[in-house]
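1. structure for this input, please:
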Amino acid sequence: MKIFIDTADVEQIRKFLNWGICDGVTTNPSINLKCGVTTWDQMRDCSKAVADLIAPRPLSVEVVADDLDEMLRQAREYVTWAENIAVKITITTSQGASCLPVIYALYSEGVDVNVTAMMTLNQLVLAAKAGGRYLSLFGGRIDDEGNDAYEVIRASREWLDVNGEACPNDPEIIVGSTRTTKNVQDWIEAGAHIMTVTPDVIDKMVVNARTKETVAQFLADGEKALASIKGG
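-> This next block holds a predicted model:
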């Protein structure tokens, strides 16, 4: 199971590289905005900086378009920025038009596509067949709608394990929209190949009250033992 860091903050990414837990990075327009990336030039420069920092690990960069031709144009530009960029394409437009033609065209050109904003097994199957390299299910949003993200992820992994050889681009399941440490535990168990996790959730994954208590006890006992040795 891999961890992709869900941020455009270079310093946060560098921190998790130094922890040895960053297998890749994912961004989207909302993440960019949160990190102060508000113009096309800033997105290009930030993407280049992140891609260079994490290479050869992948960086996913999302198109900002609702028109299929414009999606293709942007995607083709993105992949000139760095060799390790994967292009994020939503499974449909905001009006529900299929983006599968874009996904297949980019796959045919040798571009790794992260098919994003998916909520169902049906969507994932189609994205995998069209050549998606990464298949992004939005676990938190699936649960928000009253469905069961665990079951969607489990069924998707089961389908991919059986039918993966019929998919053209060795796809992996990414689970995003991760909001709690419990989400991470549950969705790893369900079979996600990759979890996209925000820096704040990763920080919470490390800390445990009983761990802190245990470390404090070890330190206190160690100081007593050293005092006894010195005293003797």
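2. give the residue spans of the protein that score low on pLDDT.
-> Scanning the chain for pLDDT under 70 picks out the ranges 232.
3. which stretches in it count as helices?
-> Assigned by DSSP state H, the helices in the chain fall at 10-19, 29-34, 40-54, 68-81, 100-108, 121-129, 139-144, 149-163, 181-190, 199-206, 209-231.
4. count residues in the vicinity of L53, would you?
-> A count of neighbours around L53, defined by other C-beta atoms under 10 Å, yields 15. C-betas here are computed from N, CA, C, even on glycine.
5. chain neighbours aside, what residue packs nearest to H193?
-> E172 (3.9 Å; C-beta to C-beta, 6 or more residues apart in numbering).
6. spatially central residue for this protein, please.
-> Nearest to the mean C-alpha position of the chain, by C-alpha atoms, centre = their mean, lies T196 at 3.0 Å.
7. who is the nearest residue to that one once chain neighbours are set aside paired with across the strands?
-> In this structure, T196 finds its nearest non-sequential neighbour in G176, 4.1 Å apart by C-beta to C-beta, 6+ apart. Beta-bridge partners of G176, counted by DSSP bridges, are F138.
8. and the gap between G176 and E62?
-> According to C-beta to C-beta, to the nearest Å, G176 stands 11 Å off from E62.
9. likewise S47?
-> 10 Å.
10. give me the common contacts of G176 and E62.
-> Taking C-beta atoms under 8 Å, 6 or more residues apart in numbering as the contact criterion, the common neighbours of G176 and E62 are T116.
11. pretty sure G176 contacts T198?
-> No. With contacts counted by C-beta atoms under 8 Å, G176 stays clear of T198, the gap being 9.5 Å.
12. now for those two: what residues contact both?
-> The contact lists of G176 and T198 share D6, where a contact means C-beta under 8 Å, 6+ apart.
13. who has more neighbours out of those two?
-> With neighbours defined as other C-beta under 10 Å, G176 and T198 compare such that G176 has more, 26 against 17.
14. can you tell me which residues contact that one?
-> Per C-beta under 8 Å, 6+ apart, neighbours of G176: 6, 26, 116, 136-140, 196.
15. so T178 sits right up against Q185, yeah?
-> No. The criterion here is C-beta under 8 Å, and T178 misses it with Q185 at 10.5 Å.
16. more crowded one of the two?
-> Taking other C-beta under 10 Å, T178 and Q185 do not tie; T178 has more neighbours (23 against 12).
17. neighbour-wise, which of S47 and E62 wins?
-> E62 (25 against 22).
18. beta-bridge partners for the more buried one, please?
-> Beta-bridge partners, per DSSP bridges, of E62: K88.
19. how many other residues sit next to E83?
-> Using other C-beta under 10 Å: E83 sits among 10 other residues.
20. which residues touch it?
-> 55-56.
21. quick check: the gap between it and A55.
-> 8 Å.
22. just N84 next, same as before
-> From N84 to A55 the distance is 5 Å (C-beta to C-beta).
23. which of the two has more neighbours?
-> The neighbour comparison of N84 against A55 (other C-beta under 10 Å) goes to N84, with 18 against 12.
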